[in-house]
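# Generate coordinates for the sequence data below:
(chains A and B)
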Protein chains: 2
Amino acid sequence: MLWLEGRLRTGTTAPFDLSDRGLSLGDAVFDTALALDGRVVFEGAHVERLVAAAGTLGFAVEPDAVRQAMRALAATGPRLAIRTTATRGTGPRGLKAPAAPRPVLYATAAPSAASLAFAPLRLWPTDIARNETSPAARLKTPAYLDAVLAAGEAAARGFDEALFRNTRGQVACAGTGNLFAVFSDRLVTPPPADGVLAGIVRAEILALAAGEGFLPEERSLTLPDFLGADAVFLTNSLRLLAPVEAVGATAFASAAHPGVGQLAQALRGRVG
Amino acid sequence: MLWLEGRLRTGTTAPFDLSDRGLSLGDAVFDTALALDGRVVFEGAHVERLVAAAGTLGFAVEPDAVRQAMRALAATGPRLAIRTTATRGTGPRGLKAPAAPRPVLYATAAPSAASLAFAPLRLWPTDIARNETSPAARLKTPAYLDAVLAAGEAAARGFDEALFRNTRGQVACAGTGNLFAVFSDRLVTPPPADGVLAGIVRAEILALAAGEGFLPEERSLTLPDFLGADAVFLTNSLRLLAPVEAVGATAFASAAHPGVGQLAQALRGRVG
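Below you'll find the predicted structure:
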């Protein structure tokens, strides 16, 4: 199912300008949201982040149009992953952005298995670095090829996802999610400056932490720091909170950690 | 003008699957070639590199189809920039590449001004690092957002192009081209391991160097090393050989350097 220019379409094929800068240069931002029974979970935060991300790149996206796209697709199934993309639109050849861009907004929906949410997973630390010097490292842009390649490495070794360190060797994030580490009563997640997207569920967890007896903290972590945690988990909009069972050869009993269980329960309450 | 699935079309709009992984994940490779009077300059090298790049990502592109696309477009004008893109095609949601990908091949052509070729330019050293740990740093993939942002920085400061260093601080390349530095009779260019695309014109220059009295060398260079060169130039398929007049505050008389002039002359002979 596809939403394009105010209209829902069956399938995902539509007339498209192949000189669009989103396709040719990755000059675009996107968002992935979960929709449950016609409702977009954390809708306000998703709309706001996509609009802000486009603003960071220097083009305008109407929040009303984003909301309309998400809601139109949310109504088409009981449990959906909605991906909303805003590109800078077409432009003349070359890198230079057009002075008056005409952005293109579209969104697609696909079923999202309930079994994915809160399911534990295993992370493989890839040697491909997350480039924290790039403004794009803090945005969801189409530049996911490193994540695709690292996910392939991880799968080949029997892991579910890749763990990225940045170019300074600090833990940044997973291929498709933010990371948290529990050290006693401290709940630590790397700061955006380490090459990290400000995830919607990440923000929810940081806001819920104090209520569940944690001191939340944004702090840089080396991989050895991270491997020394009592428990580790990943957050994103579809997996919500995924306890990490292993990072490479290091095993974690994250799913059995009472504090992680409490956070998951609190998040369930927020997701509705 | 667009070539898609064996057919030339006016304009650049065509039915396209918006769940294509090239658009959603940057899971694609491309090539830019110059076409003069119906002939694709360095055609064999361009076709071979695009096919090899797709192979690196794990999908197959038929060299005959690439050649057909380039030639069909080359016939539509006297001096054209031909961009040929191969995406991994569509796939289910998520990063995992489909086991049996159905790649999509398309190409576009746009006029390329003769005045661009061999014209001098000025480079701005950006603080966005080229990520040499990423296999994509050695391929032309749609992940050009850093180059777009850095080109914007450069333009705002009165420069033509950005110069990228890698995460180790070594000179890598410009936003859209390879870099060469002349030190007496040595002609030095950074190796691919420094996060550099193996450019077609770069290879031509390395092959021509000895005939013009240079010792060609692939070697890592810090920015201070690079700024100490006698002359500096950029190569790509449209600019061909662009003498660099400035890198930030450091001026170069690269266009007046006799060795650079000889290389440009030799390259003109190869371009035809």
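# Name all residues that make contact with A:M70.
A:33, A:35, A:40, A:43, A:46-47, A:82, A:84, A:107 (C-beta atoms under 8 Å, 6 or more residues apart in numbering or on different chains). For every residue, glycine as well, the C-beta is placed using N, CA and C.
# the helices in the stretch 51-200 of chain A, which residues?
A:63-74, A:145-156, A:200-209 (DSSP state H, counting those that start in this stretch).
# Mean pLDDT and distance to B:T90 added to those, as TSV?
Listed next are the helices of the stretch 51-200 of chain A as TSV, based on pLDDT from 0 to 100; distance: least, C-beta to C-beta, whole Å:
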stretch	mean pLDDT	distance to B:T90
helix A:63-74	98	18
helix A:145-156	97	14
helix A:200-209	98	26
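# mind putting those helices in TSV, distance to A:L263 included?
Below are the helices of the stretch 51-200 of chain A laid out as TSV (distance: least, C-beta to C-beta, whole Å):
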stretch	distance to A:L263
helix A:63-74	26
helix A:145-156	25
helix A:200-209	6
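# Excluding residues flanking it in the chain, which one is nearest A:L221?
A:V171 (4.7 Å; C-beta to C-beta, 6 or more residues apart in numbering or on different chains).
# Switch the contacts of A:M70 over to TSV; also include pLDDT, neighbour count and distance to A:E245.
Formatted as TSV, those follow (pLDDT from 0 to 100; neighbours: other C-beta atoms under 10 Å in any protein chain shown; distance: C-beta to C-beta, whole Å):
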residue	pLDDT	neighbour count	distance to A:E245
A:A33	98	27	26
A:A35	98	24	28
A:V40	98	23	30
A:E43	98	18	31
A:H46	98	22	28
A:V47	98	23	34
A:I82	98	29	28
A:T84	98	27	31
A:A107	98	27	33
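# how deep is A:A249 tucked in, by neighbour count?
Residues near A:A249, counting by other C-beta atoms under 10 Å in any protein chain shown, number 7.
# how much space between it and A:N236?
24 Å (C-beta to C-beta, to the nearest Å).
# Up against chain B, what does the stretch 51-200 of chain A have?
A:57-58, A:81, A:83, A:85, A:90, A:92-97, A:106, A:108, A:110, A:112, A:127-129, A:131, A:133-136, A:141-149, A:151-152, A:155, A:167, A:175-176 (C-beta under 8 Å from any C-beta of the partner chain).
# Swap in 6 Å and give it another go.
A:81, A:93, A:95, A:106, A:108, A:110, A:128-129, A:131, A:133-136, A:141-149, A:151, A:167, A:175 (C-beta under 6 Å from any C-beta of the partner chain).
# just the buried members of the residues you listed?
A:81, A:93, A:95, A:106, A:108, A:110, A:128-129, A:131, A:133-134, A:136, A:141-149, A:151, A:167, A:175 (16 or more other C-beta atoms under 10 Å in any protein chain shown).
# Contact partners for A:S237?
Neighbouring residues of A:S237 by C-beta atoms under 6 Å, 6 or more residues apart in numbering or on different chains: A:32-34, A:200-201.
# out of those residues, which is most surrounded?
Busiest of those [other C-beta under 10 Å] is A:A33, holding 27 neighbours.
# what helix or strand does that one sit in?
Using DSSP states H and E, A:A33 sits in strand A:28-36.
# gap between the next helix or strand after that strand and the chain center?
Going down the chain from strand A:28-36, the next helix or strand is strand A:39-40, by DSSP H and E. The chain centre lies 17 Å from the centre of strand A:39-40; the measure is C-alpha atoms, centre = their mean, to the nearest Å.
# got it, and stretch A:242-251?
That offset, for stretch A:242-251, works out to 20 Å (C-alpha atoms, centre = their mean).
# again with stretch A:32-41
15 Å.
# now do stretch A:223-233
On C-alpha atoms, centre = their mean, the centre of stretch A:223-233 falls 21 Å from that of its chain.
# List of residues touching it?
Contacts of stretch A:223-233 (C-beta under 6 Å, 6+ apart): A:171, A:180-183, A:241, A:243-244, A:250, A:252, A:254, A:257, A:260.
# which one of those is nearest B:A72?
A:V171 (48.7 Å; C-beta to C-beta).
# Spit out the contact partners of that closest one.
A:165, A:190, A:221, A:223, A:226.
# what's the most distant pair in those residues?
Greatest spacing in the contacts of A:V171, by C-beta to C-beta: A:P190 and A:L223 (11.4 Å).
# Neighbour count for the two, which is higher?
Using other C-beta under 10 Å as the criterion, A:P190 and A:L223 rank with A:P190 on top: 26 against 16.
# Can you name the residues that contact the more buried one?
Here A:P190 is in contact with A:171-172, A:196 (C-beta under 6 Å, 6+ apart).
# I'd like those laid out as TSV, including pLDDT.
Output for those, formatted as TSV (pLDDT from 0 to 100):
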residue	pLDDT
A:V171	98
A:A172	98
A:V196	97
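# give me the number of residues near the residue nearest to A:A150 when sequence neighbours are not counted?
Distances taken as C-beta to C-beta, 6+ apart place A:A162 nearest to A:A150, at 3.5 Å, with adjacent residues excluded. Counted with other C-beta under 10 Å, the neighbours of A:A162 add up to 27.
# wait, isn't A:A162 in contact with A:L121?
No - the pair A:A162 / A:L121 is not scored as a contact, 11.0 Å apart, by C-beta atoms under 6 Å.
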